[in-house]
Every structure is written in C-alpha cells, then in structure tokens.
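Colleague: Can you look at this prediction? I've put the sequence above it.
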Amino acid sequence: MTKEDALSLYLSDGTTSDKLMESYAEVIDMIQLGAISNIIKNTNLSGDPESGSVEVRRLMTAVSQAYGTARTSGAGDKVKSNGVTINLDTDKEIIEEIETKDILFYGVDGILEKRKSNHALAMIRELDTAFFTEAESEGTEETITSTDIEDKIEELIQSVETTSNSNVDGVSRDMIVLTVTPSIYGELRNYIDTLPNPIAGGIDIKTFHDVKIYSNTRQSKDAICMVVGAVAQPVVAEPYQAERIGLSNAVAVELFYSYGTKAVMSDLIKYATLTEVASA
C-alpha cells in the first residue's frame, strides 16, 4: 500500500488532508479525557517510552539515627529507591478500510467522526481493562467486617490510609482514589441521597470522605482502593496514517500503539468484596 497524503482524490476542496489529520489527532485527546486509568496512573516515568521501556523510581522512607551517627561513620544514609522497569510489550493496531462510496455518501468529516469516536472507545476499553486487571492481580484483598455500605467503604479506605512500611508511613486521603462497580456505586449513591445536599453540608458522590470515587465497568472486584500512581501504564501511539489500498478504490486508516502496564506500589492497592454472599 502507498501513503495517501490527502483524500483529494475524492474531494477537490484542497483541505481534506488537514481535516483528516486534525480529526484523528483528536483521538489521543479523547482517550486522555475518557479513560479512568489515565486519571490515576503513575506519570513519574524515567526514560523515553519510545525506546521501549521506562523506569519508575519510588523513594523509600527516611529513618532517623542517633545524633552523631553520620559524623562517626563519615557519611549519611544513602537515599534508597525501589526501581520498577516497565516494558511497552503490548503492541496493538486498529486498521479499517474506507471505500470511496462510503466517503462520498457520508462525507469525509462524517465518516471520520464516527470512526474516531469508535477507535477512541476501543483504546480506552483496552487500556482501562489492562490497568485494573493489573491492580487486582498485584493488590491485596482486604477482609471487610462492617455491615453498612458507608462503613464498608470507610474501612477499605483506612486499610490504604494506614499503610506503614519501609516505603510509606501513612497516606493522605487526597492521594487516594476508589473505584467501584456500578452496583456498589448505586448502593452508595442511595445512601448519599438520604443525606443533605453538598450545599447544606452533605456529601458529594464524586468524593466520599475526602477520597475521589469512580464508577467503573472494567473491574471484577467490588471495590478497589489505591493511591494515585500505584500502577503505571506508559503508552506510545503512532499518528494516524491514511494509505491507499492497492488494486482498489479504498483507503485504510491505521492506528498503531504500544503500551505496558505494571503495579509500582502494590502495597498501596487494596480491594474487597462488599456485596452480601447468599448462603447455600
């Protein structure tokens, strides 16, 4: 197939190529706005994703020593970090053919708008699914003992908030996010709807007890609680190309992208079952 710099083969306005590139360039912007994973993933990456791999460094918590320790040893403690390398080893493509007839009947803007939205949704679905699959795989299940939905959610939040180890000593709630299935979101929403509205001192469903909450269709666990940045997912996407398909009167629109998904703070990912399990 040969590259098509423009679709003026079908239209003579001289601006079709620009519209094509502008329309498809918007796909990446749509993904950034539409994917929940993009809001909460780790973006502190070291290296160039286009090289095929990046590294996420996590500095460990400092430990105090008795006064005079550094003077006696002649040096202070070294700053320690847990580096995690992420390979962009998942390669995908979206390639579709558009016939001249379709372009003429729909108009270039019309058909590209339809496919642009569809391609963005397909990419969002894949990235989100991979992200939350990794979170569930690397996270820790928390046994919830509370009965009411609001207490269950609070218990899960506190399991992350109170984490203490060599990497962290407690987590601020403004760094924590909670994603729940639609059924759990609805149950929590029913509870919140019984409270005064936010203006009167009630709770806004978008934030529960100072933690941002999202309804998520791409997770299998009832609720996942994690800090922002607990999972990294670098993505590299090639700009859309339009290619003339040989021996035909059609054009192929192509999107190639690569990504990698890896938990970088597994200790700060907790999930739980909140629904009641029916007894046999």
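Modeller: In hand now; what should we look at?

Colleague: Endpoints of stretch 164-171, how far apart?
Modeller: 9 Å (Cα to Cα, to the nearest Å).

Colleague: Next, the buried residues of it.
Modeller: Going by neighbour count (16 or more other Cβ atoms under 10 Å), the buried part of stretch 164-171 is 167-168, 171. No exception for glycine: its C-beta is placed from N, CA and C like everyone else's.

Colleague: show me where the stretch 51-200 of the chain has helices.
Modeller: Ranges of helices within the stretch 51-200 of the chain are 69-73, 100-106, 108-138, 149-161, 182-192, based on DSSP state H, counting those that start in this stretch.

Colleague: out of those, deepest packed?
Modeller: Ranked by mean neighbour count, the helices of the stretch 51-200 of the chain are led by helix 149-161 with a mean of 20 (mean count of other Cβ atoms under 10 Å).

Colleague: name the helices or strands packed onto that helix?
Modeller: strand 176-180, helix 182-192, strand 207-208, strand 223-227, strand 269-272 (3 or more Cβ pairs under 8 Å, 6 or more residues apart in numbering; DSSP states H and E).

Colleague: orientation of that helix relative to strand 223-227 in degrees?
Modeller: 30 degrees (axes from the mean of the first three to the mean of the last three Cα atoms, to 10 degrees).

Colleague: ok, and what's touching helix 149-161?
Modeller: Here helix 149-161 makes contact (Cβ atoms under 8 Å, 6 or more residues apart in numbering) with 142, 144-146, 170-173, 176, 178, 180, 184, 187-188, 191, 208-209, 211, 223, 225-227, 268-270, 272, 274.

Colleague: just to revisit the earlier point, quickly, which of the helices and strands packed on helix 149-161 bottoms out on average pLDDT?
Modeller: Lowest mean pLDDT of these: strand 207-208, a mean of 86.

Colleague: Work out the sheet partners of it and label each with its direction, please.
Modeller: Strand pairing for strand 207-208, determined by DSSP bridges: strand 211-215 (antiparallel).

Colleague: Please export the C-alpha coordinates of the partner strand as PDB.
Modeller: What follows is strand 211-215, C-alpha atoms only, in PDB (Å, rounded to 0.1, in the frame of the first residue of the first chain):
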ATOM      1  CA  VAL A 211     -11.500  10.300  48.700                       C
ATOM      2  CA  LYS A 212     -12.400  10.600  45.000                       C
ATOM      3  CA  ILE A 213     -14.700   7.800  43.800                       C
ATOM      4  CA  TYR A 214     -15.400   6.500  40.300                       C
ATOM      5  CA  SER A 215     -18.000   4.100  39.000                       C
END
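
Colleague: Can you pull out the residues in contact with that strand?
Modeller: By Cβ under 8 Å, 6+ apart, strand 211-215 touches 36, 39, 157, 173, 176-182, 185, 188, 205-207, 225.

Colleague: rerun at 7 Å
Modeller: 36, 157, 173, 176-180, 182, 185, 206-207 (Cβ atoms under 7 Å, 6 or more residues apart in numbering).
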